[in-house]
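Q: structure of the sequence below:
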Amino acid sequence: MILQDLKRAAAAAAGTWAKSQGLAEPADLAFNPAPPHVRADLSMAWPLQAGKLLKRKPLDVASDLAKALTGLPGVEPPAAAPPGFVNFTLKKEALAGNLAGIVADPAAYGANPHAARRSVLFEFVSANPTGPLHLASGRAATLGDSLVRIFRRIGHKTWAEYYVNDAGRQVELLGQSVKARWEQAKGKDSPLPEGGYQGEYIAEVASKAPPRASSWGAPDFSRFAIETLLETHREDMKAFGVSFDRWFLESELHKSGAVEKALHFLKDRGMAYENEGAVWLGTSSQGEEDDKDRVLVRSDGRPTYFLGDIAYHKDKFDRGWEELIDIWGADHHGYVPRMKAAVAALGKDPESFHAIIHQLVHLYRGKELVKMSKRAGEFVTLKDLIAEAGRDACRFFFAQRTPNAHMNFDLDLAKKQSQENPVYYVQYVHARVCSIFREAAKARLAPICSRDMEGQCASLDKPQERALLVKLAWFPDVLGACERELSPHPLPNYLLELAGLFHPFYEECRVVDPAKKDLSQARLALCAGVRSVIAEGLGLLGVSAPESM
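A: Numbering: from 1, shown residues only. Sure, this is the predicted structure:
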């Protein structure tokens, strides 16, 4: 992987040069794509920062650094450019070698054997099992599942978990609500409990209760409703292409005594105290993440949800996971410092816990906003969204935006079978490459095998060909950006750019030409690289790569 090798070599050479100038080693030598007007492939802006530290003109610093970086693998001698950049041009043979690696083992391209291995438990969706999954659950599922796939691709140890809140007052209200609807269907005048659950789905759950439900109490209805709704969650996640290593029930924590054990653990560490009949987590006076102490056990002896969450996260650490990443909705923003304080109280580094907060999704049909009311039980379910827009469009659209940005989901656009639709635009390129290979097979042409590729791909010297070769080299770096930013959004945007570069190549460069066998084989190899990276990238997003459209 050419850029990764270049970065390591550049970091070593730049570090030696920086020390000779009395500077600390650069923490991060960032390579960026060179601007369109610059005749180079990569650009480095670090001399702008170093010039200030050395009190020298950045361009002079860039000139000195360019000399120090001459001889790096895979690039021509770098050149300084005003006001203080170092520009690099990748060698043809290095780009061809990178392409050979893609074609030889597409499934390994993007893994980073030099990265420090991480051990990460991702918890996401974890929707209350008191209703169907809705839009926000789809966004959380896309974020979590895509990040798990990307982290695994890079080489990290990961685990995906869905936490089911199947205990507490909300479950009691659910059972009472379903019981009331069941009795109403039998002709009884049974009002919904105060604060109970509304919406047609409650009546649907009640209608599935067996005849023996006539002898049930509210707790029986609670268990039945949770099992019924949780099964729909499992079905929806399967339809959305999301799998979990474990569905962890909150009730398991209580049955195992983990909640009481966590409380004793905190008391033994001096992090919990009693006051006014309640038990509190004492963090505010110790300079921890939270700004005030929080109740763990109420004065009536009932544990709070917070204590259950602490016990759950302690369980994650006890199972050996070193990092915990939770994906929460926008309404949980204030819960982040509380949970970091809890992690610190457990004796763990607060930075070993990270919460990704995803913002709201607004659903549109063209320019018309689809109004939804959670209070009235009126909302678009994830199941309905998948049925109307399709899984591929849903996952690609959800992945395109950074989690901290509000999102407008255009149903009309998601359903379009045209290049206006971004997922269709990318998938179409994959299908087109597949059609090229079907045409090549008829002409008895095949890509160059990897041992010949570096030499014969030297013929790929048109600007459209080089643009594709360089863009393919960025794929591992894009996955690294997803890891750093804890968001898959760099990947779909990269795929759109790659697809955009393929169209001018397709128009200007004839691939299948029996009269020019060597050139055809080289271009087929380039097409194979594009096809592989698009397929692998879409796969990391949970999106299909069709062979025909």
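Q: could you break the chain into its assigned domains?
A: Taking automatic domain parsing as the reference, the chain has its domains at 2-90, 119-167+243-358, 169-239, 418-540.
Q: in a markdown table: the ones you listed, plus mean neighbour count, distance to residue 369 and mean pLDDT.
A: Bear in mind the C-beta positions are built from the backbone N, C-alpha and C, glycine included. Below are the domains of the chain laid out as a markdown table (neighbours: other Cβ atoms under 10 Å; distance: least, Cβ to Cβ, whole Å; pLDDT from 0 to 100):
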| stretch | mean neighbour count | distance to residue 369 | mean pLDDT |
| --- | --- | --- | --- |
| domain 2-90 | 17 | 37 | 92 |
| domain 119-167+243-358 | 19 | 13 | 94 |
| domain 169-239 | 17 | 20 | 94 |
| domain 418-540 | 19 | 20 | 93 |
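Q: which one of these lies nearest to residue 106?
A: Among the domains of the chain, domain 418-540 comes nearest to residue 106, with 3.7 Å by Cβ to Cβ.
Q: chain center to the closest one, what's the gap?
A: Averaging C-alpha positions (Cα atoms, centre = their mean, to the nearest Å) puts domain 418-540 23 Å from its chain's average.
Q: which one, of the domains of the chain, ends up nearest to residue 100?
A: Across these, closest to residue 100 is domain 418-540 (Cβ to Cβ), at 4.2 Å.
Q: quick one: end-to-end distance for that closest one.
A: End-to-end distance for domain 418-540: 23 Å, by Cα to Cα, to the nearest Å.
Q: residues in contact with residue 228?
A: By Cβ atoms under 8 Å, 6 or more residues apart in numbering, the contact set of residue 228 is 205, 208.
Q: do you know how far it is from residue 125?
A: Using Cβ to Cβ, to the nearest Å, we find residue 228 at a distance of 18 Å from residue 125.
Q: list of residues touching stretch 467-477?
A: Contact with stretch 467-477 is made by 1-4, 31, 33, 41, 90, 95-96, 98-99, 102, 109-112, 457, 460, 494, 497-498, 501-502, 504-505, 526, 529-530, 533, 536-537, as judged by Cβ under 8 Å, 6+ apart.
Q: try it again at 7 Å.
A: With contact meaning Cβ atoms under 7 Å, 6 or more residues apart in numbering, stretch 467-477 is reached by 1-4, 41, 90, 95, 98-99, 102, 109-110, 112, 460, 494, 497-498, 501-502, 505, 526, 529-530, 533.
Q: C-alpha coordinates for it, CSV please?
A: Extracted C-alpha coordinates of stretch 467-477, given in CSV (Å, rounded to 0.1, in the frame of the first residue of the first chain):
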residue,chain,number,x,y,z
ALA,A,467,-6.3,9.8,-11.9
LEU,A,468,-7.8,6.4,-11.2
LEU,A,469,-4.5,4.8,-10.2
VAL,A,470,-3.9,7.6,-7.7
LYS,A,471,-7.4,7.5,-6.3
LEU,A,472,-7.2,3.8,-5.8
ALA,A,473,-4.1,4.4,-3.7
TRP,A,474,-6.1,6.5,-1.3
PHE,A,475,-8.5,3.7,-0.2
PRO,A,476,-6.5,2.5,2.9
ASP,A,477,-6.1,6.1,4.0
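Q: hmm, back to that, to residue 367, which of the domains of the chain lies closest?
A: For those, proximity to residue 367 was assessed by Cβ to Cβ; domain 418-540 is nearest, at 14.9 Å.
Q: give me phi/psi at residue 160?
A: Phi and psi for residue 160, reported as degrees, to the nearest 10, are phi -110, psi 130.
Q: quick one: contacts for residue 342?
A: The neighbours of residue 342, taking Cβ under 7 Å, 6+ apart as the test, are 281, 310, 313.
Q: report all helices and strands that the strand or helix carrying residue 206 contacts.
A: Here residue 206 is covered by helix 200-207, with elements defined by DSSP states H and E. Helix 200-207 is packed against helix 169-185, helix 218-239, with contacts defined by 3 or more Cβ pairs under 7 Å, 6 or more residues apart in numbering; DSSP states H and E.
Q: turn the ones you listed into CSV, including distance to residue 484.
A: As requested, those are exported to CSV (distance: least, Cβ to Cβ, whole Å):
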stretch, distance to residue 484
helix 169-185, 36
helix 218-239, 27
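Q: can you check which of those gets nearest to residue 541?
A: Taking the helices and strands packed on helix 200-207 one by one with Cβ to Cβ, helix 218-239 is closest: 15.7 Å.
Q: give the pairing partners of the helix or strand that the closest one is followed by; include direction for each.
A: Counting by DSSP H and E, the element after helix 218-239 in chain order, helix or strand, is strand 246-249. Sheet pairing of strand 246-249 (DSSP bridges) gives strand 157-164 (parallel).
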